[in-house]
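[1] Below are the sequence and a predicted model; questions follow.
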Amino acid sequence: VHRACLERWRRSSTRRDAAYRCGTCKVEFRDELSLELLRARLDAQRERGSAGALHSMSRLAVELQAQGRLAEAEPLLREALEVCRATRGA
């Protein structure tokens, strides 16, 4: 697979998980592009007030955690928890 072709697919795919996981073998990419695409998705969803923002926030936090970027993951996890509590009444 050509790196440029894979990147183009990840950027343009309609698959929800294309940013961070191979569509064929399901191996997770765990790279900077994953973070870039997940951040962009989260920003767009926040702007629209989309309910999908919670999933994107959690996914980005998990991805950051997996890459050892705990200081960046923690605020997102805290925010996701607060949103869950607010929307689900905990």
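    Nice, thanks for sending it over.
[2] how about the longest helix anywhere in the chain as CSV, C-alpha atoms only?
    Using DSSP state H to define each element, the chain has its longest helix at helix 70-88. Extracted in CSV, the C-alpha atoms of helix 70-88 (Å, rounded to 0.1, in the frame of the first residue of the first chain):
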residue,chain,number,x,y,z
LEU,A,70,-1.8,11.2,29.2
ALA,A,71,-1.7,14.9,30.0
GLU,A,72,-3.6,15.6,26.8
ALA,A,73,-6.0,12.7,27.3
GLU,A,74,-7.0,13.6,30.9
PRO,A,75,-9.0,16.8,30.2
LEU,A,76,-10.9,15.2,27.4
LEU,A,77,-11.8,12.2,29.6
ARG,A,78,-12.9,14.6,32.3
GLU,A,79,-15.0,16.6,29.9
ALA,A,80,-16.6,13.4,28.4
LEU,A,81,-17.5,12.3,32.0
GLU,A,82,-19.1,15.6,32.7
VAL,A,83,-21.1,15.5,29.5
CYS,A,84,-22.2,11.9,30.3
ARG,A,85,-23.3,13.0,33.8
ALA,A,86,-25.2,16.0,32.5
THR,A,87,-27.0,14.1,29.8
ARG,A,88,-27.6,10.9,31.7
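[3] mind listing what's buried in it?
    For helix 70-88, a neighbour-count test (16 or more other CB atoms under 10 Å) marks 73, 76, 77, 80 as buried. In this view, the C-beta of every residue, glycine as well, is placed from N, C-alpha and C.
[4] just checking, what packs against it?
    Where contact means 3 or more CB pairs under 8 Å, 6 or more residues apart in numbering; DSSP states H and E, helix 70-88 is packed against helix 53-66.
[5] separation between residue 26 and residue 72?
    25 Å (CB to CB, to the nearest Å).
[6] cool, and residue 46?
    Taken as CB to CB, the span from residue 46 to residue 72 is 17 Å.
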